[in-house]
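**Student:** Structure, please.
(one chain, ligands or ions: 1)
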Amino acid sequence: MGETVIATWGLTKHYGRFAALSDVSLEVREGEVLGLLGPNGAGKTTLIRVLLGMLRPTAGTASVAGFDPWHQGREMRRRVSYLPGEIRLFGHLTGLKMLRYMSDLRGGEALERAVALAERVLKLDLSRKVRTYSTGMKQKLALAQAFADPVEILVLDEPTSALDPTVRNDVVSLVGQARAAGQTVLFSGHVLSEVEAVADRVAIMRRGRLMHVEDMRDRRGLRLVLARYEGGVPDRFPEELGLVVRERNGATVLWEHRGPVSPLATWIGSQPIVDFAVGTEDLRSLYDRYHGPEAGGDEGGDEGEGGPS
Ligand SMILES: Nc1ncnc2c1ncn2[C@@H]1O[C@H](COP(=O)(O)OP(=O)(O)OP(=O)(O)O)[C@@H](O)[C@H]1O
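**Tutor:** Numbers count the residues shown, from 1 in each chain. All right, here's what the predicted structure looks like:
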């Protein structure tokens, strides 16, 4: 993985006394796909808008492609393609003219690719006026443009929110292709399976705070082992097995395990273990640790328009 291309240090955004973003420090490395997860109001869009130089942070700093987004927004935006959560297009233009308009803003290079993506991959009729498009069709048009842009960084705010399941999968593939082409992708979303399918790392937000960053590559090699001992669970386990105790309760222990299975299986065979089970932990259970029923509610502050943009 390459060098850091997006970084924030103690990023904070207040609306009056309400903190939409609190002390967020995060890094995204070159060529990486980072999924930003969190329920409504967690602060994902606020973070993205600060990174795009559309909102001025109350405190903290950010760097995107080596630029300060607020003070060097113009230089930064040349290197970044952004899909906003709320897409605004010119209704009187056809899809094709809208794509031409958007690609001209970047020197026209990306038009051919944007048209191919829109028509062939996303199956969009570009001869229709944009005002006759459904919400999902508008999202497809903006996605075609975002993925076609010859930029280093893609920032996608809920890129699949209006799409049907088949097109969602196409977008997941496009994110994978963008990474294969060396682009860095930051995207936000709620659909855990999509994030799980494509993200290298996942950042979980809650009430404006960054709660947890998980490396999905590590996670894919993680297994959970549940064992019930005859009598009590020993205090220590051989270090070379790479077992980490997640929970222990009477005669039962839940370990996290990474690495080869065979030494573990041999060792388990030598232990006074009466029963055991092996499984994986999907992203849902990780997410639920921060947002599940036991994690409490997520009501934020007052909704409202405003802030510099
Ligand atoms: N202009 C504003 N004035 C006051 N509060 C705001 C403003 N913009 C956002 N907020 C609040 O900041 C919090 C974070 O909002 P944000 O849009 O970043 O959340 P999100 O994680 O993107 O949610 P969603 O998934 O619903 O898009 C919310 O509680 C929201 O009400």
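**Student:** pLDDT weak spots in the chain?
**Tutor:** With pLDDT under 70 as the threshold, the chain has low-confidence stretches at 1, 293-309.
**Student:** check contacts around the residue lying closest to Lys13 once chain neighbours are set aside.
**Tutor:** Nearest residue to Lys13 in three dimensions, chain neighbours excluded: Leu21, at 4.0 Å (Cβ to Cβ, 6 or more residues apart in numbering). Bear in mind the C-beta positions are built from the backbone N, C-alpha and C, glycine included. By Cβ atoms under 8 Å, 6 or more residues apart in numbering, the residues touching Leu21 are Leu11, Thr12, Lys13, Gly43, Thr46, Leu47, Val50, Pro57, Gly208.
**Student:** Mind listing what's buried along the helix or strand encompassing Leu21?
**Tutor:** With elements taken from DSSP states H and E, the one containing Leu21 is strand 18-29. Within strand 18-29, the residues scored as buried using 16 or more other Cβ atoms under 10 Å are Ala19, Ala20, Leu21, Ser22, Val24, Leu26, Glu27, Val28, Arg29.
**Student:** just these that are near the ligand?
**Tutor:** When the buried residues of strand 18-29 are filtered against the ligand using Cβ under 6 Å from any ligand atom, the residues retained are Ala20.
**Student:** Which one of the buried residues of strand 18-29 is nearest to the ligand?
**Tutor:** Taking Cβ to the nearest ligand atom as the measure, the ligand lies nearest Ala20 of these, at 3.2 Å.
**Student:** same for the longest helix that the chain contains, what does it pack against?
**Tutor:** Residue-count comparison of every helix in the chain, with assignments taken from DSSP state H, identifies helix 165-180 as the longest. Judged by 3 or more Cβ pairs under 8 Å, 6 or more residues apart in numbering; DSSP states H and E, helix 165-180 is in contact with strand 33-37, helix 135-148, strand 153-157, strand 184-189, helix 192-198.
**Student:** quick one: contacts for Pro238?
**Tutor:** Trp267.
**Student:** So what's the gap between stretch 170-179 and the chain middle?
**Tutor:** Relative to the chain's own centre, stretch 170-179 is displaced by 13 Å; criterion: Cα atoms, centre = their mean, to the nearest Å.
**Student:** just stretch 62-70 next, same as before
**Tutor:** Per Cα atoms, centre = their mean, the centroid offset for stretch 62-70 relative to its chain is 19 Å.
**Student:** What of stretch 27-39?
**Tutor:** The offset between the C-alpha centroid of stretch 27-39 and the centroid of the whole chain comes to 5 Å, using Cα atoms, centre = their mean.
**Student:** Now the terminal residues of it, how far apart.
**Tutor:** Separation of the first and last residues of stretch 27-39 by Cα to Cα, to the nearest Å is 21 Å.
**Student:** Check stretch 10-19 too.
**Tutor:** 13 Å.
**Student:** Spatially nearest residue to Asp23, not counting backbone neighbours?
**Tutor:** Ranked by Cβ to Cβ, 6+ apart and with sequence neighbours excluded, the top spatial neighbour of Asp23 is Gly10, at 5.1 Å.
**Student:** Can you pull up the most central residue in the chain?
**Tutor:** Against the mean C-alpha coordinate of the chain, by Cα atoms, centre = their mean, the closest residue is Gly35 at 1.2 Å.
**Student:** what pairs with that one across the strands?
**Tutor:** For Gly35, the residues forming beta bridges with it (DSSP bridges) are Phe187, Val202.
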